[in-house]
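K.L.:
Predicted coordinates and the sequence they were generated for:
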There are 2 protein chains.
Amino acid sequence: MDHSSQLLKGVLDMCLLSLIDEEPSYGYEMAAKLNERGVKLVSDGSIYPTLSRLQRAGLVEGYFVEADGSGPPRKYYRIVNPGTVRLREWSTEWKDLSAGVSAILNGGEHD
Amino acid sequence: MDHSSQLLKGVLDMCLLSLIDEEPSYGYEMAAKLNERGVKLVSDGSIYPTLSRLQRAGLVEGYFVEADGSGPPRKYYRIVNPGTVRLREWSTEWKDLSAGVSAILNGGEHD
DNA sequence: CCAACATATCTGACATCACAAGGTACGGAA
DNA sequence: TTCCGTACCTTGTGATGTCAGATATGTTGG
């Protein structure tokens, strides 16, 4: 497995939750959004189990919507209250960690 | 397991390599440094296997040094050339990913 | 009608890696 | 002797991303 894939661990659920918080969406669409926004290498085999987990955890609600064009019905997700709270917590965790890591990476400036 | 632990995946090896790049060090000391610098929750059960992996990957070299005070000899690590290269790669990966994630987290500003 | 394609979701086997708990070993202090 | 701080390592467990493949729908072209 790739090193970037390891970096994604614990980050994907947070990103999906944030996307859903912006606007209800479905797996296939979110996979595309993530890639557009610079979080590459996310396969659908990661997306769907993660979305199920978010739903099982009571952070989002799922509902099916018939596709406008072609294809099978889409499973949309919208955020619910506990999800909003959790997203704030994860956001804080992320900021703290990423600040710490960046500090360590920049600690050894000898160029 | 904690969510923070998942966030650490793929980050710990990078941080340890960066610490070694600053100055040769040993496991017990690096565990303390990480905690001081804001990367919490790292247990020695994660540190030692990670250091072994870095060494097996040819990114660092290990050598034993007798302890000044008390305790068994310390296993110091110093960075070698491939490690310096890899550290730069990981650094770039990290910056890209963390920028992407931050952008997504800040994308849904509605407060 | 049938095949191929894009859309869309889901599953299972696999690998990676952080953690907790435990073990080993050394030296100094109570 | 017993405990504690230092220092290293190993084992089992759990979480989760990846790949490959299965399933289903509607459109398009032969």
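P.N.:
That came through fine. Numbers count the residues shown, from 1 in each chain, chains lettered A, B, ... in the order given.
K.L.:
Could you name the helices and strands sitting against the longest helix along chain A?
P.N.:
Taking DSSP state H as the criterion, chain A has its longest helix at helix A:81-107. Judged by 3 or more Cβ pairs under 8 Å, 6 or more residues apart in numbering or on different chains; DSSP states H and E, helix A:81-107 is in contact with helix A:12-22, helix B:3-7, helix B:12-22, helix B:81-107. All C-beta atoms are positioned from the backbone trio N, CA, C, and that covers glycine.
K.L.:
Going by neighbour count, list what's buried in it.
P.N.:
By neighbour count on 16 or more other Cβ atoms under 10 Å in any protein chain shown, the buried set for helix A:81-107 is A:83, A:86-87, A:90-91, A:93-94, A:97-98, A:100-101, A:104-105.
K.L.:
which non-adjacent residue is nearest residue A:84?
P.N.:
residue A:21 (6.8 Å; Cβ to Cβ, 6 or more residues apart in numbering or on different chains).
K.L.:
quick one: the one you found and residue A:83 touch, right?
P.N.:
Yes - with contacts counted by Cβ atoms under 8 Å, residue A:21 reaches residue A:83, the gap being 7.2 Å.
K.L.:
ok, residue A:48 - contacts?
P.N.:
Contact analysis of residue A:48 by Cβ atoms under 8 Å, 6 or more residues apart in numbering or on different chains lists residue A:27.
K.L.:
where does it land on pLDDT?
P.N.:
pLDDT, residue A:48: 97.
K.L.:
so where's chain A uncertain?
P.N.:
A:108-111 (pLDDT under 70).
K.L.:
near chain B, which residues of it?
P.N.:
A:3-11, A:14-15, A:18-19, A:21-23, A:34, A:37-39, A:90-91, A:93-94, A:96-105, A:107-108, A:110 (Cβ under 8 Å from any Cβ of the partner chain).
K.L.:
Residue of chain A nearest DNA strand D, please.
P.N.:
Closest to DNA strand D within chain A is residue A:45: 2.3 Å, counting by Cβ to the nearest atom of the strand.
K.L.:
Share the number of residues neighbouring that residue, please.
P.N.:
8 (other Cβ atoms under 10 Å in any protein chain shown).
K.L.:
which SSE is it in?
P.N.:
helix A:44-56 (DSSP states H and E).
K.L.:
how about stretch A:25-37: buried residues?
P.N.:
For stretch A:25-37, by 16+ other Cβ under 10 Å, it's A:25, A:26, A:27, A:30, A:31, A:33, A:34, A:37.
K.L.:
What is the most widely separated pair among the residues you listed?
P.N.:
Farthest apart among these by Cβ to Cβ are A:26 and A:37. That separation is 16.7 Å.
K.L.:
Skipping its backbone neighbours, what lies nearest residue A:47 in space?
P.N.:
residue A:27 (4.9 Å).
K.L.:
For the one you found, give me its contacts.
P.N.:
A:44, A:47, A:48, A:51, A:75.
K.L.:
got a winner among these for most neighbours?
P.N.:
Neighbour max across the contacts of residue A:27 (other Cβ under 10 Å) = residue A:51, 23 neighbours.
K.L.:
Go ahead and confirm it touches residue A:60.
P.N.:
Yes - the criterion here is Cβ under 8 Å, and residue A:51 meets it with residue A:60 at 7.5 Å.
K.L.:
what touches both of those two?
P.N.:
Counting by Cβ under 8 Å, 6+ apart, the residues touching both residue A:51 and residue A:60 are residue A:77.
K.L.:
interface residues of chain A facing DNA strand D?
P.N.:
A:1-2, A:5, A:8-13, A:41-46, A:49-50, A:53, A:67, A:69-72 (Cβ under 7 Å from any atom of the strand).
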